[in-house]
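>>> Let's see this in three dimensions:
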Amino acid sequence: MSIFHLPDLGEGLAEATVVRWHVSAGDEVVADQLLVSVETDKAIVDIPSPQRGHIEALLASEGAVIPTYAPLVRFAATMDASPDDAGSVVGSLPVTAPHAGQESFIVGRHRHTEARLQQTRQRRAQRAGSVTPAAVFERWEPLEPVRRAMAENMAAAHREIVPVTIFDEVCVAFTDRAGLLPRIVRAMVVAARTEPALNAWYDSAQQRRRLHDDVHIGVAMDTAHGLYVPVLKDAASLMPDDIARQIEALKVKATERRLTSAMQAGATISLSNYGSLAGRFATPLMMPPQVAILGVGQWREVPLREKDGGTIWQLALPLSLTVDHRVVTGGEAARFLAAVMADLAT
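Coordinates of the predicted model:
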């Protein structure tokens with residue numbers, strides 16, 4: 001008999017939620033056959049079988065939140081069964097890796113996993129501290145991993161950054177509502193060239209910042225499972241049609257929970273188009289190390305001027321720009337927003 005445990009999924013993740021089993025007790029499987037899909041704070045991860053063998057039992061139920069290295073599958077004893085798997089790192093570590101050979105790094109089992117898991121439990125206990133025991137089971141439901149990650153990340157961001165939001169409204173030079181996001185992306189690229197201080201990361205621990213040459217825009221996407229922020233990579237190199245196609249493809253992946261960690265990493269600045277639903281102005285919050293996020297509200301027709309006895313109407317787009325005032329000045333924020341508005345008005 002051998003036990004296969006939940007592998008270390010990397011990025012400091014201490015647990016995962018079992019989303020779907022692709023096998024059942026009693027099945028015969030081969031090595032690398034898909035066993036189970038789990039969801040982390042980042043994405044859905046498919047886990048393959050480490051061996052050929054007969055599945056004797058599934059050791060975690062769908063919907064269960066289990067820690068890294070928790071038992072997943074019990075295999076019946078076979079000739080080629082491997083010893084009990086105490087949890088393995090997904091992927092391989094080259095021998096030249098900077099931590100290889102150091103006492104504090106153990107390939108296959110992270111020394112700090114228990115500490116990470118304990119920190120997660122403590123955060124949950126603090127959030128639930130005001131709930132009386134009698135009320136715990138009355139109409140409460142646990143947050144899904146994406147919503148839990150959003151709650152923890154937003155709380156951490158709120159504790160760290162010093163947000164300042166400036167608002168304005170611009171009469172746009174286009175009427176195609178379907179082309180709004182590509183135009184906003186183009187305007188953000190132009191503004192990042194005009195004022196690079198907002199297309200940046202800030203490392204508060206080391207008191208340093210990094211200005212980026214490329215513009216990678218994190219696009220906030222609302223789904224039934226929670227908020228995802230996939231990244232539109234190298235936006236300056238994309239044509240409007242490419243931007244529209246990529247955003248639509250990312251929306252589909254977000255809705256179907258098929259976004260990978262790589263698709264959600266590396267944003268240098270973010271965009272929130274909440275106006276597609278409702279709302280004119282807002283105070284969007286960026287995630288460190290980013291220092292800026294642009295919010296786009298619901299546009300409306302406004303009277304522009306009188307001409308030949310009639311009123312000329314134009315579409316006005318409300319904008320809300322939040323910056324981390326620890327590292328971005330008011331002047332830099334205003335110049336960035338002015339550049340966005342100038343591009344949208346032409």
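>>> C-alpha from now on. contacts and neighbour counts both.
Will do.
>>> can you map out the helices along the stretch 101-250 of the chain?
Taking DSSP state H, counting those that start in this stretch as the criterion, the stretch 101-250 of the chain carries its helices at 113-127, 145-160, 180-194, 240-255.
>>> I would like the residues contacting the second one, please.
Contacts with helix 145-160, where a contact means CA atoms under 8 Å, 6 or more residues apart in numbering, come from 16-17, 39-42, 225-228, 285-288.
>>> how about 6 Å then?
Applying CA atoms under 6 Å, 6 or more residues apart in numbering, the contact partners of helix 145-160 are 41, 226, 287.
>>> who wins for most neighbours among those?
Most neighbours among these, by other CA atoms under 10 Å: residue 287, with 20 neighbours.
>>> Looks to me like it is in a helix.
No: looking at residue 287 with DSSP: H, G, I helix; E, B strand; the rest coil, it is coil, so not inside a helix.
>>> Minimum distance to residue 311: which of the helices of the stretch 101-250 of the chain has it?
helix 180-194 (24.3 Å; CA to CA).
>>> Residue 217 contacts residue 231, doesn't it?
Yes: here residue 217 reaches residue 231: they are 5.5 Å apart, a contact under CA atoms under 6 Å.
>>> Report the set of residues contacting both of these two.
residue 267.
>>> Looking at the contacts of helix 145-160, which is nearest residue 179?
Among the contacts of helix 145-160, and counting by CA to CA, the member closest to residue 179 is residue 226, at 25.0 Å.
>>> Next, count neighbours for residue 227.
15.
>>> so what's it up against?
By CA under 6 Å, 6+ apart, the contact set of residue 227 is residue 221.
>>> distance of it from residue 61?
25 Å (CA to CA, to the nearest Å).
>>> what do you get for residue 29?
19 Å.
>>> The two - which one has more neighbours?
The neighbour comparison of residue 29 against residue 61 (other CA under 10 Å) goes to residue 29, with 20 against 14.
>>> Would you mind confirming that the more buried one is in contact with residue 52?
Yes: Residue 29 lies in contact with residue 52 (CA under 6 Å); the separation is 5.5 Å.
>>> Buried residues of whichever strand or helix holds residue 332, list them for me.
Element membership of residue 332, judged by DSSP states H and E, is helix 330-344. When burial is assessed from 16 or more other CA atoms under 10 Å, helix 330-344 yields the following buried residues: 332-334, 336-344.
>>> Show me where the stretch 1-150 of the chain dips below the pLDDT cut-off.
1, 11-12, 42, 78-138 (pLDDT under 70).
>>> Break down it into its strands, ranges please.
With DSSP state E, counting those that start in this stretch, the ranges of strands along the stretch 1-150 of the chain come out as 2-5, 15-21, 28-29, 34-39, 44-48, 53-58, 65-67, 71-75.
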